[in-house]
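[1] My questions are about this predicted structure, shown below with the sequence.
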Amino acid sequence: MFQTYLSTNGPHRASSRCKGETNARQTNACFAAPDHRVPAVISLIGNTPLVRLTSVTRSLPGKVSLLVKLEGMNPGGSVKDRAALFIVQEALCTGKLAPGKILIDATSGNTGIAYAMLGAALGFPVRLAMAANVGPERIRILQAYGAEVILTDPEARTDGARRMVRDLVAASPELYFHADQYSNPANPLAHYLTTGPEIWRQSGGKITHFVAGMGTSGTMMGVGRYLRERNPAIQLIGVQPDRAQHSITGLKYLAADDVPAIYDPAGVDRIVEISGEEAQEMARRLAREEGLFVGISAGAAVAAAIRIAQELDEGVIVALLPDGGFKYTSAPFWAE
């Protein structure tokens, strides 16, 4: 049964924790059950490894390093665990997600899985809208966690799912907490407070370029802000598909899609466009040459990072790989 997970200090004291004073791995009043225990899965979010690629980078100049942040190592299998954690934390702190409320949002898969995982651990119901043409693996994972899935028009992609959620919330506002990952400031805050500091620490402050895919844009907005505060010379490289109708799950073609409210064009120095074929080819190469089984958007990030690396004489590039490949095993390109 759903519990508010506020400490005996009361909701006002707990709400003060929602200003970003704690990171994703710290116990806080919002997640502490009445007996002060925190679900174990929460402590597993974040602190993912940063590793150097050695095979697909053989043609790069000797003074250029390409490191990748393996966000598929999060318990829900993706970088979206971080944003979902902070969104849920803020909602519990402020009472937006209270007993009797259902967390609802649109998703292409990863954020929905993170919500479902947290809902199972913390005891609140989750309802998700997603395009009907998503891979079967994502639907089954959501169902395994006990989430309700609403499938929407595949031609309208995630933007269609977002419209469906807005309609449901407008019709029954008392029933839902609309997490709204595309507009919720807790999304980039998660990356400002956790992902950015991890990358800075793990790279020894030597990072010169940060590369990340553009979906909700929360990762780039949060990590980029943190890195710029540490070193304004760091280049922030966003990655998007090269066309509106594309096959890179989780990424948006910003010229044609609804632009997320949390996106600030000034938060990116350059955007690199990658085709679906390039992303799939690189994902396949990472599996076969590096032993890293990652998702299609991760392949896009590495393809973009290598393109940037080929322009440099020296530098330390960090590419964020959003998830693993296990949610995409039904895609035929792996066997090609």
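    Perfect, thanks for sending it.

[2] tell me the helices in the stretch 201-336 of the chain, going along the chain?
    218-230, 276-285, 296-309 (DSSP state H, counting those that start in this stretch).

[3] most packed of the ones you listed?
    Ranked by mean neighbour count, these are led by helix 296-309 with a mean of 27 (mean count of other Cβ atoms under 10 Å). Using the backbone N, CA and C atoms, a C-beta is placed for each residue, glycine as well.

[4] Provide the angle between the direction of it and the direction of helix 276-285.
    Between helix 296-309 and helix 276-285, the angle comes out at 100 degrees (axes from the mean of the first three to the mean of the last three Cα atoms, to 10 degrees).

[5] What helices and strands are in contact with helix 296-309?
    On a contact count with 3 or more Cβ pairs under 8 Å, 6 or more residues apart in numbering; DSSP states H and E, helix 296-309 meets strand 63-70, strand 209-213, strand 235-241, strand 270-274, helix 276-285, strand 314-321.

[6] Can I get the helices of the stretch 201-336 of the chain in JSON lines including mean pLDDT and distance to residue 176?
    Output for those, formatted as JSON lines (pLDDT from 0 to 100; distance: least, Cβ to Cβ, whole Å):
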{"stretch": "helix 218-230", "mean pLDDT": "98", "distance to residue 176": "21"}
{"stretch": "helix 276-285", "mean pLDDT": "95", "distance to residue 176": "34"}
{"stretch": "helix 296-309", "mean pLDDT": "96", "distance to residue 176": "28"}
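
[7] Next, format these as JSON lines and append distance to residue 264.
    Listed next are the helices of the stretch 201-336 of the chain as JSON lines, based on distance: least, Cβ to Cβ, whole Å:
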{"stretch": "helix 218-230", "distance to residue 264": "6"}
{"stretch": "helix 276-285", "distance to residue 264": "25"}
{"stretch": "helix 296-309", "distance to residue 264": "20"}
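
[8] I'd like to know which of the ones you listed lies nearest to residue 146.
    helix 218-230 (25.2 Å; Cβ to Cβ).

[9] hmm, who's touching that closest one?
    Contact partners of helix 218-230, identified using Cβ atoms under 8 Å, 6 or more residues apart in numbering, comprise 79, 83, 181, 187-193, 195-197, 199-200, 205, 207, 210, 212-214, 234, 236, 238, 260, 262-264, 267-268, 320, 322.

[10] Mind doing that once more with 6 Å?
    For helix 218-230, the external contacting residues (Cβ atoms under 6 Å, 6 or more residues apart in numbering) are 83, 187-188, 191-192, 195-196, 200, 210, 212, 234, 236, 238, 262, 267.

[11] Could you do stretch 199-216 as well?
    Outside stretch 199-216, the residues that touch it by Cβ under 6 Å, 6+ apart are 50, 181-182, 187, 219-220, 227, 230, 235-240, 250-252, 260, 297, 300-301, 304-305, 308, 315-320.

[12] got the buried residues for that stretch?
    By 16 or more other Cβ atoms under 10 Å, the buried positions in stretch 199-216 come out as 199-200, 202-203, 207-216.

[13] Using a markdown table, lay out those together with distance to residue 97 and pLDDT.
    Listed next are the buried residues of stretch 199-216 as a markdown table, based on distance: Cβ to Cβ, whole Å; pLDDT from 0 to 100:
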| residue | distance to residue 97 | pLDDT |
| --- | --- | --- |
| 199 | 29 | 98 |
| 200 | 31 | 98 |
| 202 | 32 | 98 |
| 203 | 35 | 98 |
| 207 | 35 | 98 |
| 208 | 40 | 98 |
| 209 | 37 | 98 |
| 210 | 32 | 98 |
| 211 | 33 | 98 |
| 212 | 28 | 97 |
| 213 | 28 | 95 |
| 214 | 27 | 91 |
| 215 | 23 | 91 |
| 216 | 19 | 91 |
